[in-house]
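Peer 1: predicted structure and sequence below. I'll ask about it afterward.
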Amino acid sequence: MAAEIINGKDLAQELRMSLKDEVTELKQKGINPHLTVVLVGDNPASRSYVKGKEKAAAEVGISSSVIELPATTSEEELLDQIHKLNEDSVVNGILVQLPLPKHISEQKVIDTINPNKDVDGFHPINVGKMMLGEDTFLPCTPYGIITMLKSRNINIEGKHAVIIGRSNIVGKPVGQLLLNENATVTYCHSRTANLRELTSKADILIVAIGRPNAITADDIKEGAVVIDVGINRLETGKLTGDVDFNSAVEKASYITPVPKGVGPMTIAMLLKNTVKAAKGLENR
Ligand SMILES: NC(=O)C1=CN([C@@H]2O[C@H](COP(=O)(O)OP(=O)(O)OC[C@H]3O[C@@H](n4cnc5c(N)ncnc54)[C@H](OP(=O)(O)O)[C@@H]3O)[C@@H](O)[C@H]2O)C=CC1
Ligand SMILES: Nc1nc(=O)c2c([nH]1)NC[C@@H]1CN(c3ccc(C(=O)N[C@@H](CCC(=O)O)C(=O)O)cc3)C=[N+]21
């Protein structure tokens, strides 16, 4: 039987509607959530994501601004800009769009963001808190994935989750969040021997590689839950994931499509984190 498709676009829309109500209430208390996105250079993909983020923020009543800096911006100039945003009381959330130009250290930039405004959840303090299971900003893509699983009441506890990819923004944190939910977690990457042997044991398979159709029905177990994080722009201009959807959909129990899967959920969770950041001020 074909898998149930988890539509991230629809789920993200529902989340935005409930966030909108929450933002309306906050505004009545004089709290106006604001997100600032910093974009360095003119990568067309980055520009398109940033547009998506602005549109989604506007829809829920979150004001946003985009600071566009030329590709030639020095690391020092970027760090100065971040210090300014850290001190600006209007700004609740700061997102520095990645990747950054090669001459800028991404880690140095992330380390400079005030952890209380780090709506990406990338700051070492927030990564540490996530690891300890403490309340913090969860990284948006992993948080979106967990939310998708929970939306279908998919049981995580005791399940074998296999993650392909070990980046700091997707692979590592999604494994940690699944571990926090009592899954048994296996991480795979480019040096993994016998990848198929591992993926075919997965109850929950998370694919975050960045290569179109890298995973097919032959790699997955009958009835597996398959989450496709990949975003690949083909020469035709079409977007596609890392999973061969047409074959995998016949074997999986649940599957996420690309587009309309994890991507829109990432943005919804960013908005959720921005509201959380704004609410934090209430308690000070
Ligand atoms: N939907 C969304 O919201 C988001 C989507 N993405 C997309 O997800 C994908 C992954 O992103 P990101 O984590 O940043 O990517 P990275 O390029 O940082 O990481 C890719 C990972 O895949 C591993 N890998 C590469 N080739 C293979 C292979 N043949 N077999 C097994 N593992 C392999 C790499 O291993 P190694 O570490 O050994 O090099 C690495 O760990 C991209 O398509 C990206 O566009 C990213 C962020 C958000
Ligand atoms: N600091 C930082 N934080 C990020 O969260 C971050 C980042 N940098 N750099 C790049 C990646 C990638 N990413 C996506 C977000 C939304 C979609 C998305 O909404 N995709 C739509 C399609 C949009 C389209 O058609 O172009 C979909 O999958 O349906 C995709 C990818 C966030 N990232």
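Peer 2: Received the coordinates, thanks. Numbers count the residues shown, from 1 in each chain. Ligands and ions are numbered 1, 2, ... in the order given.
Peer 1: so how far is residue 157 from residue 222?
Peer 2: In this view, residue 222 and residue 157 are 21 Å apart by Cβ to Cβ, to the nearest Å. (Each C-beta comes from the backbone N, C-alpha and C, glycine too.)
Peer 1: wait, I meant residue 271
Peer 2: Residue 271 sits 28 Å away from residue 157, going by Cβ to Cβ.
Peer 1: how about residue 193?
Peer 2: Taking Cβ to Cβ, one finds residue 193 at 29 Å from residue 157.
Peer 1: quick check: mean pLDDT of the helix or strand hosting residue 147?
Peer 2: Following DSSP states H and E, one finds residue 147 within helix 140-151. Across helix 140-151, pLDDT averages out at 98.
Peer 1: run the chain-centre distance for the helix-or-strand element of the chain with minimal mean pLDDT.
Peer 2: The helix or strand of the chain with the lowest confidence, counting by mean pLDDT, DSSP states H and E, is helix 44-60 at a mean of 91. In terms of Cα atoms, centre = their mean, to the nearest Å, the centre of helix 44-60 is found 14 Å from the chain centre.
Peer 1: that helix close to ligand 2?
Peer 2: Yes: on the criterion Cβ under 6 Å from any ligand atom, helix 44-60 is in touch with ligand 2 at 48, 49, 52.
Peer 1: among those residues, which one has the most neighbours?
Peer 2: Highest neighbour count within these, by other Cβ atoms under 10 Å: residue 49, with 19 neighbours.
Peer 1: look up the closest residue to that residue, ignoring the ones flanking it.
Peer 2: Leaving aside its sequence neighbours, residue 49 sits nearest to residue 97 (Cβ to Cβ, 6 or more residues apart in numbering; 6.8 Å).
Peer 1: that neighbour and residue 48 touch, don't they?
Peer 2: No: counting by Cβ atoms under 8 Å, residue 97 stays clear of residue 48, with 10.7 Å between them.
Peer 1: I am finished for the moment; much appreciated.
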